[in-house]
Structures are given as C-alpha cells and as structure tokens.
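Chemist: below are the sequence and a predicted model for it; my questions follow.
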Amino acid sequence: MEKEQNITKGELMEELIRNYFLDSGYYVVRGVKYRYESNDITDVDLFLYGRSSSITRQRINIDIKNKKSPQAFERILWANGLRELLGFDSCIVATTDQRPVIHKFGQRHKTIILDGAFLAKMRSNSYPNRLTEEELTSRFAKHKSYKMFGNKDWRHIYEESKSKILTEQDFAGFNSELAFLGYFIEKIVTDSQKREDATRMTYLIVSHLLITIDFIIKDIAFLDNSDRERKLSDGFKFGNLGKDGVDKIISMAVQISGNKSANSFLKSLDSIPTDILRDFFSKNENTKNLFNWARDFERIGFNREFINPENIDTPLKGFISLLLDFFGIARKNFFELFAKKTQMTIPLTDSNNKEKK
C-alpha cells in the first residue's frame, strides 16, 4: 500500500493502534518525548486522553513492541514506572507475546495487555484518510523558525508542543502553546509559501492547547462563576505562580533594578488581552466541548487532503476567530486568505455520540 511506504513495521503498528483508539473516542498523540529541563529522557509511543465527565479525565501511556523478542516482562515494568512518574491513571503494553503468564503478570501490576492476537487483528486494518506521523513531520522539517525559536525547524516545535501534554497540563503549558500559536498564525498571514503547513501546525497545536485547558478546567468546574473567572484570569496572566507569586517576584525585581516601579511591571502584564480567554473558557457551554473540539482539530490537522480554515465547521472556525481576536488579527483579513479556495465543508466527528469501547 502506497501510504505504508517509508515507515517501519513498528511505526506502522503504532499508527494502526493510534487509529483504533481514535475510533474508540480517545484523543491520541503518537511519539511523545518525555523531557526534563531540555533533556530527552524517553519516548511515549502513544498518549491517550479521555473525558468521561465534567470532573474526571483519563490519561494513559501505551508502550508498543511489534518484535519477535518483545521482552514483555520488562516492558510492563517500564510502562508502570513511566505511568507513576507522569501521574497517569493507567498504562497499556502492546506486545506480540501471547503467553498467558504475560496477562497474569500485567494484571498483577495493573497493566492492560494487548497481545499478539490483538496486534494480528490490527494488521488487517486499512489506513483512514490520514497522514502518518512520519509524513507530517517530514513536511514540518523543511521549514526553519530562524530567530523566534533558536533556528529550530518546525518539527522540533511540534515535538516540543506534544511534550508539554505529558508534563505541563497547566497554565504554564497553556501559555507556551499560545506562544507557538502566535508564531504560526503570523506565518499563515505573512508567508503564502508556508501557509498550508503553518495551518496544519496551527490545527495541531490548537488541539494540544484545548486538551491542556480541558485538564485545567476539571479542577475549577464547580467553583462559582466569579471564582472560576478569577482563577482563569490569574492563570492566563501570571501562569502557575498566580498573582501572589508574581507579586513576590516583581517586588524582588523592583529592589534589584532600582529604577522600575511595580506598577510598570504590572502594566506590561495588563496589556495582554487575557479577558478574551477568561470570558470564553469560564462559560460551561464552551468548556463542555473542549475535548471534542481537540479531537476534531487533531483530525483535520492530519487529514490527507488539506482543509483550509474557511471550510472547517462553525464551532472550530469560531475558536480560530477567538485566537485571532487575542492576537489582534482581523478575522476578515485572515479568512480571506483562504476564501478563493473552494472545498467541501468537513463535518465534525460524531464523537459526541460515541462511547469508548
């Protein structure tokens, strides 16, 4: 099959298992680097994220070994250790090993086993209309960021954005994703040659951002509206430290600098239009859709045929419009960049009506 060329047997299996869990209603990211202070520690083959209610989320790491000698016992221990380090809810090991003792050992260590029989069924599946991870990242690797992100190519930025989902599902991670989005939305507007790839990158980073804020929202879902707005406003403006933490840092900075007042520091923070984000994410009618929107943005980012923003479904287009307002970009000017291209509107998935298998 043409789409299967240029990827290994292991990469193909990762794609097939990803598609299985996407069809089961999860949000899925493949090949996520676990990083600590800019050091790459290891890779998570698949990251699963599920939302089962307004206050419960499910985070799962999957280890996949499609080999003749899968070392299943070691993989179970490794996956469990990583689950504990990341604070996830569960872990899964996909292995070609079909021995009953592997299931017994996995059950003992609270690890779900997808054995050789399961993997054999996956091999008979056909590709959906998606680019593979390798096809997508090869596109991103062609473009450099130059001054903005230390001359790294776009693939590096994409990998960095994915990594934040593992360890920074907080306001610091959200604000970092916003910084990435500001760069790529500007590229859409200013660089016609890179517009299509910048748009795909925007879709994918938006999906990461939505998953991050969905995870944040679960902890403030039942606060009254004023408290929820305050928590969001402080988080968007001051990050994980909150206002009190930033006030302390500003006080120290004022003492060190000697020539700047605390008001000048705070004024620079007040210039960021975080009210736009606060007002949107404090409304229940919006937050209940974050997970499904993230799945839909991920889907159109990987769609084999490019889908331009003028032709995406109305709720997704509305969220892009919110980001344009935040970055001070005229909506009309942005969408007119794509207006001349005519495509069929791609409908939202029916994820609202699906239950996880």
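Modeler: Received the coordinates, thanks. Just so you know, these numbers come straight off a predicted model, no measurement behind them.

Chemist: can I get stretch 64-80 as CSV, trimmed to CA atoms?
Modeler: Only the C-alpha atoms of stretch 64-80 are listed here, as CSV (Å, rounded to 0.1, in the frame of the first residue of the first chain):
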residue,chain,number,x,y,z
ILE,A,64,4.2,-0.8,21.8
LYS,A,65,6.7,-3.5,20.8
ASN,A,66,5.9,-5.3,17.5
LYS,A,67,9.0,-7.5,17.6
LYS,A,68,9.8,-11.3,17.6
SER,A,69,11.5,-10.8,21.0
PRO,A,70,9.3,-8.3,22.7
GLN,A,71,10.7,-8.6,26.3
ALA,A,72,7.2,-8.2,27.6
PHE,A,73,8.0,-8.5,31.3
GLU,A,74,10.5,-5.7,31.1
ARG,A,75,8.1,-3.5,29.1
ILE,A,76,5.4,-4.0,31.7
LEU,A,77,7.7,-2.8,34.4
TRP,A,78,8.9,0.1,32.3
ALA,A,79,5.4,1.3,31.4
ASN,A,80,4.4,1.2,35.0
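
Chemist: average pLDDT across that stretch?
Modeler: For stretch 64-80, mean pLDDT is 88.

Chemist: buried set for that stretch?
Modeler: 64-66, 70, 72-73, 75-76, 78-80 (16 or more other CB atoms under 10 Å). Quick note: C-beta positions are derived from backbone N, CA and C, even for glycine.

Chemist: from those residues, which two are the most distant?
Modeler: Using CB to CB, the two most remote members of these are Asn66 and Asn80, lying 20.1 Å apart.

Chemist: OK, contacts around Val32?
Modeler: By CB atoms under 8 Å, 6 or more residues apart in numbering, Val32 lies in contact with 43-44, 47, 162-163, 165-166.

Chemist: CSV for those, including pLDDT, neighbour count and secondary structure?
Modeler: Listed next are these as CSV, based on pLDDT from 0 to 100; neighbours: other CB atoms under 10 Å; DSSP: H, G, I helix; E, B strand; the rest coil:
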residue, pLDDT, neighbour count, secondary structure
Asp43, 94, 13, strand
Val44, 97, 26, strand
Phe47, 98, 24, strand
Lys162, 97, 20, helix
Ser163, 96, 20, helix
Ile165, 95, 23, helix
Leu166, 94, 22, helix
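
Chemist: closest to Asn286 among these?
Modeler: Nearest member of the contacts of Val32 to Asn286, counting by CB to CB, is Ile165, at 20.4 Å.

Chemist: for the closest one, which non-adjacent residue is spatially closest?
Modeler: The shortest distance from Ile165 to any residue other than its chain neighbours is 5.7 Å, reached at His208 (CB to CB, 6 or more residues apart in numbering).

Chemist: about what we covered before: of the contacts of Val32, which is the nearest to Asp191?
Modeler: Lys162 (23.1 Å).

Chemist: for Leu46, see how far away the closest one is.
Modeler: 11 Å (CB to CB, to the nearest Å).

Chemist: could you pull out the residues contacting both of those two?
Modeler: Val29.

Chemist: can you give me phi and psi for the nearest residue to Arg59 once chain neighbours are set aside?
Modeler: For Arg59, ignoring the flanking residues on the chain, the nearest one in space by CB to CB, 6+ apart is Phe88 at 4.4 Å. The phi/psi pair for Phe88 (degrees, to the nearest 10) reads phi -80, psi 170.

Chemist: and if you look at the one 5 residues further on?
Modeler: Here the main-chain torsion angles of Val93 (degrees, to the nearest 10) amount to phi -120, psi 120.

Chemist: so it makes contact with Gln107?
Modeler: No. Here Val93 does not reach Gln107: they are 11.7 Å apart, not a contact under CB atoms under 8 Å.

Chemist: neighbour count: those two, which is higher?
Modeler: Val93 (30 against 11; other CB atoms under 10 Å).

Chemist: contacts only, for that one.
Modeler: 62-63, 65, 72, 75-76, 79, 106, 111-114.

Chemist: turn those residues into JSON lines, columns for distance to Gly301 and secondary structure.
Modeler: Shown next, in JSON lines, are the contacts of Val93 (distance: CB to CB, whole Å; DSSP: H, G, I helix; E, B strand; the rest coil):
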{"residue": "Ile62", "distance to Gly301": "20", "secondary structure": "strand"}
{"residue": "Asp63", "distance to Gly301": "25", "secondary structure": "strand"}
{"residue": "Lys65", "distance to Gly301": "27", "secondary structure": "strand"}
{"residue": "Ala72", "distance to Gly301": "33", "secondary structure": "helix"}
{"residue": "Arg75", "distance to Gly301": "30", "secondary structure": "helix"}
{"residue": "Ile76", "distance to Gly301": "32", "secondary structure": "helix"}
{"residue": "Ala79", "distance to Gly301": "27", "secondary structure": "helix"}
{"residue": "Gly106", "distance to Gly301": "33", "secondary structure": "helix"}
{"residue": "Thr111", "distance to Gly301": "30", "secondary structure": "strand"}
{"residue": "Ile112", "distance to Gly301": "28", "secondary structure": "strand"}
{"residue": "Ile113", "distance to Gly301": "31", "secondary structure": "strand"}
{"residue": "Leu114", "distance to Gly301": "26", "secondary structure": "strand"}
